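Trainee: sequence and predicted structure are below.
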Amino acid sequence: MNQTDSIFVAGHRGLVGGAIVRNLTAHGYERIIVRTRAEVDLTDPRQVDAFFAETKPQIVVDAAAKVGGIKANRDYPVDFLLQNLQIQNNLISAAHRHGAAKLLFLGSSCIYPKLAPQPITEDALLSGPLEPTNEAYALAKIAGIKLCQAYARQFGCNFISAMPTNLYGPGDNFDLENSHVLPALMRKVHEAKISGASELVVWGTGSPRREFLHNDDLADACRVLLERYDSPDVINVGCGEDVTIRELAELVCEVLEFKGRLVFDTTKPDGTPRKLLDVSKITVLGWRPKISLRDGIATTYRWYLENQGL
């Protein structure tokens, strides 16, 4: 990838896409193409094809997806499977059809089996059953990986796939109905603090272990992959460290200065017991995360207060 290349970032208004645009711009990439959903509906193959025919981007970053936490995945599996399949199929096929030199497909660590050996290496893909609570989303992302690999095998396309761990950061979704665990916790702690509540209820037992990566760190990793990685083999992106949900909740309470008691609702699902990625492949490329979990929570909370705090 050269700094003169035109780069289409699909999903530029989202948590990941917005961070990627910021990172590319900061590193001198000036020909960045973005479109809102009103301008191009990525689920519509005709609109996507017309957009690619007009702009002919040399680099494509697929950061567009329907995402959500356990509750949203459980309640709307058809939406998560169908919409994600439509978006990625349209983007990947159009990138090939209109001659894109490279495409980066962003998946998720939920593609790996529920009980995969820890830390999870890339070859764990399809080695066991998925976590039921996000199976629809995971299946869509696995299909995207396999489609990129199929284009590489059949047509020689430089289509690569990166699997990020759990993400958070400025621009995140804090809606309690469909957000992920960290922004949901942050909002619940914030509201408990403001209301003067004496306790806070957290879903599950608190024992599952999760790894968290700031969206600006992921964006930097994506730039490195675009510049230095050309294999169709999946590559993980994470920080290589995890915490329990209880430890995470305690840290959020500490950073947000909430003094109440934590109560764990064990009637609610835990999800996968542990999900820690092996990140040895990407560290060989010279990339490492820079933002600690504590600092990331603090900056994300400041963004929340400035943009949508109650």
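Mentor: Received the coordinates, thanks.

Trainee: how many neighbours does the nearest residue to Asp41 once chain neighbours are set aside have?
Mentor: Leaving aside its sequence neighbours, Asp41 sits nearest to Gln47 (CB to CB, 6 or more residues apart in numbering; 5.1 Å). For every residue, glycine as well, the C-beta is placed using N, CA and C. Gln47 has 15 neighbours, counted by other CB atoms under 10 Å.

Trainee: doesn't Arg37 make contact with Gln47?
Mentor: No. Here Gln47 does not reach Arg37: they are 10.2 Å apart, not a contact under CB atoms under 8 Å.

Trainee: give me the pLDDT for the nearest residue to Pro45 once chain neighbours are set aside.
Mentor: What sits nearest to Pro45 in space, not counting adjacent residues and going by CB to CB, 6+ apart, is Asn90, at 4.9 Å. The model reports Asn90 with a pLDDT of 98.

Trainee: tell me, how many residues neighbour Asn90?
Mentor: Applying other CB under 10 Å, we find 25 residues neighbouring Asn90.

Trainee: for the helix or strand hosting it, give me every contacting residue.
Mentor: If you go by DSSP states H and E, Asn90 is part of helix 77-97. Helix 77-97 is contacted by residues 10, 42-45, 48-49, 51-52, 57, 60, 62, 64-66, 68, 72-73, 103, 105, 134-137, 139-141, 143-144, 147-148, 151, 155, 157, 159 when judged by CB atoms under 8 Å, 6 or more residues apart in numbering.

Trainee: and that helix, which residues are buried?
Mentor: By neighbour count with 16 or more other CB atoms under 10 Å, helix 77-97 contains the buried residues 77, 80-81, 83-96.

Trainee: helices of the stretch 151-300 of the chain, start to end?
Mentor: All helices of the stretch 151-300 of the chain, identified by DSSP state H, counting those that start in this stretch, fall at 181-195, 215-228, 245-256, 280-284, 293-307.

Trainee: elements contacting the first one?
Mentor: It refers to helix 181-195. Counting contacts by 3 or more CB pairs under 8 Å, 6 or more residues apart in numbering; DSSP states H and E, helix 181-195 is packed against strand 166-168, strand 199-203, helix 245-256, helix 293-307.

Trainee: just the CA coordinates of it, formatted as PDB?
Mentor: Output of helix 181-195 as PDB, limited to C-alpha atoms (Å, rounded to 0.1, in the frame of the first residue of the first chain):
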ATOM      1  CA  VAL A 181     -19.800  -5.800  27.800                       C
ATOM      2  CA  LEU A 182     -17.300  -2.900  28.400                       C
ATOM      3  CA  PRO A 183     -19.500   0.100  27.100                       C
ATOM      4  CA  ALA A 184     -22.500  -1.500  28.800                       C
ATOM      5  CA  LEU A 185     -20.700  -1.700  32.100                       C
ATOM      6  CA  MET A 186     -19.400   1.800  31.700                       C
ATOM      7  CA  ARG A 187     -22.900   3.200  31.200                       C
ATOM      8  CA  LYS A 188     -24.400   1.100  34.000                       C
ATOM      9  CA  VAL A 189     -21.700   2.300  36.400                       C
ATOM     10  CA  HIS A 190     -22.100   5.900  35.300                       C
ATOM     11  CA  GLU A 191     -25.900   5.800  35.900                       C
ATOM     12  CA  ALA A 192     -25.500   4.000  39.200                       C
ATOM     13  CA  LYS A 193     -23.000   6.700  40.300                       C
ATOM     14  CA  ILE A 194     -25.300   9.600  39.200                       C
ATOM     15  CA  SER A 195     -28.300   8.100  40.900                       C
END
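
Trainee: in it, which residues are buried?
Mentor: 181-190, 192-193.

Trainee: same deal with the fourth one?
Mentor: Within helix 280-284, the residues that qualify as buried by neighbour count (16+ other CB under 10 Å) are 281-282.
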